[in-house]
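> when you get a sec, could you give me coordinates for this:
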Amino acid sequence: MRSTPTSAAPHEEAFRQVLAHWTMLNAYVRSIVRDTQVREDLLSDIAITVARSWHTFDPSRPFGPWARAIARRVVFQSLEKRDLKPVLLDEDALEALGAEIDALAEESALELRVRALEQCTEKLPEGSRELIRLRYFENRSYKQISAAVRWSVDALYVAYHKIHKALSDCVHRRLEVFQG
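Have a look, this model is predicted:
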């Protein structure tokens with residue numbers, strides 16, 4: 001899969017690519033981490049790290065392997081800090097899994113997913129779009145967002161889980177319509 005440059009700000013394009021590849025990244029992280037709460041945290045951290053590293057991405061190369069390399073680094077660093085053990089898949093197995101995930105998605109399918117995601121994001125309530133903006137566009141931590149919106153961090157975890165679920169469900173429904 002290749003990224004296509006757009007006129008959007010770099011962090012916006014990074015976010016679009018992460019969301020377009022969310023299923024792949026989630027499956028990849030799930031192959032390493034079983035704990036749902038830890039996985040949710042890691043996926044957010046991965047999105048932020050991708051946005052911060054976007055200037056190093058070569059758009060002539062596939063996004064998936066580049067994002068997985070970042071994901072692998074973020075996951076293993078975080079697990080080490082948390083003193084948690086990853087699922088024991090070796091590097092070759094993780095790469096083979098990533099390659100299979102890439103093979104399942106074609107560029108035209110990716111374009112449909114991006115379009116569906118954009119439409120679904122627009123349909124989110126204003127509060128949910130604001131949470132997305134704070135976390136993914138402004139790279140704020142859960143603690144910072146908690147203070148800004150006056151919610152507990154636990155409430156934010158629930159909210160982001162619901163937003164991700166709503167986006168995922170909406171994208172799946174849209175893809176069914178697009179593919180008719």
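> let me see the domain layout of the protein.
Domain segmentation of the chain under automatic domain parsing yields 10-106, 108-179.
> what about the shortest one, distance to the chain center?
In terms of C-alpha atoms, centre = their mean, to the nearest Å, the centre of domain 108-179 is set 10 Å apart from its chain centre.
> list the buried residues for whichever strand or helix holds residue 49?
Following DSSP states H and E, one finds residue 49 within helix 36-53. By neighbour count on 16 or more other C-beta atoms under 10 Å, the buried set for helix 36-53 is 38-51. To be clear about C-beta, it is placed using only N, CA and C from the backbone, and glycine gets the same treatment.
> and those as CSV, adding distance to residue 176 and pLDDT?
Converted to CSV, these look like this (distance: C-beta to C-beta, whole Å; pLDDT from 0 to 100):
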residue, distance to residue 176, pLDDT
38, 31, 87
39, 26, 86
40, 26, 87
41, 31, 88
42, 29, 92
43, 24, 92
44, 28, 90
45, 31, 93
46, 27, 94
47, 26, 92
48, 31, 92
49, 32, 94
50, 28, 94
51, 30, 91
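> for this protein, longest helix please?
Taking DSSP state H as the criterion, the chain has its longest helix at helix 153-179.
> the closest residue to residue 146 other than its chain neighbours and residue 22, how far apart?
Spatial nearest neighbour of residue 146, excluding adjacent residues (C-beta to C-beta, 6 or more residues apart in numbering): residue 153 at 4.9 Å. For residue 153, the distance to residue 22 equals 22 Å [C-beta to C-beta, to the nearest Å].
> more crowded one of those two?
It is residue 22, of residue 153 and residue 22, that has more neighbours when counted by other C-beta atoms under 10 Å, with 19 against 12.
> what residues are up against that one?
The contact partners of residue 22, by C-beta atoms under 8 Å, 6 or more residues apart in numbering, come to 43, 164, 167, 168.
> so, low pLDDT: which residues of the chain?
Residue ranges of the chain with pLDDT under 70: 1-8, 10, 86-92, 94-95, 97-110, 178-180.
> what number of residues lie near the nearest residue to residue 35 once chain neighbours are set aside?
With C-beta to C-beta, 6+ apart as the criterion, residue 35 has its nearest non-adjacent residue at 7.5 Å, and that residue is residue 84. When neighbours are defined as other C-beta under 10 Å, residue 84 has 13 of them.
> a strand runs through residue 84, doesn't it?
No. Assessed with DSSP: H, G, I helix; E, B strand; the rest coil, residue 84 is coil; it does not lie in a strand.
> now do the same contact list for it.
Neighbours of residue 84 in contact, by C-beta under 8 Å, 6+ apart: 33, 35, 38.
> how close does it get to residue 153?
Distance check for residue 84 against residue 153: by C-beta to C-beta, it reads 19 Å.
> do I have it right that the residue nearest to residue 146 meets residue 144?
No. Applying C-beta atoms under 8 Å as the test, residue 153 and residue 144 come out as separate, 10.2 Å apart.
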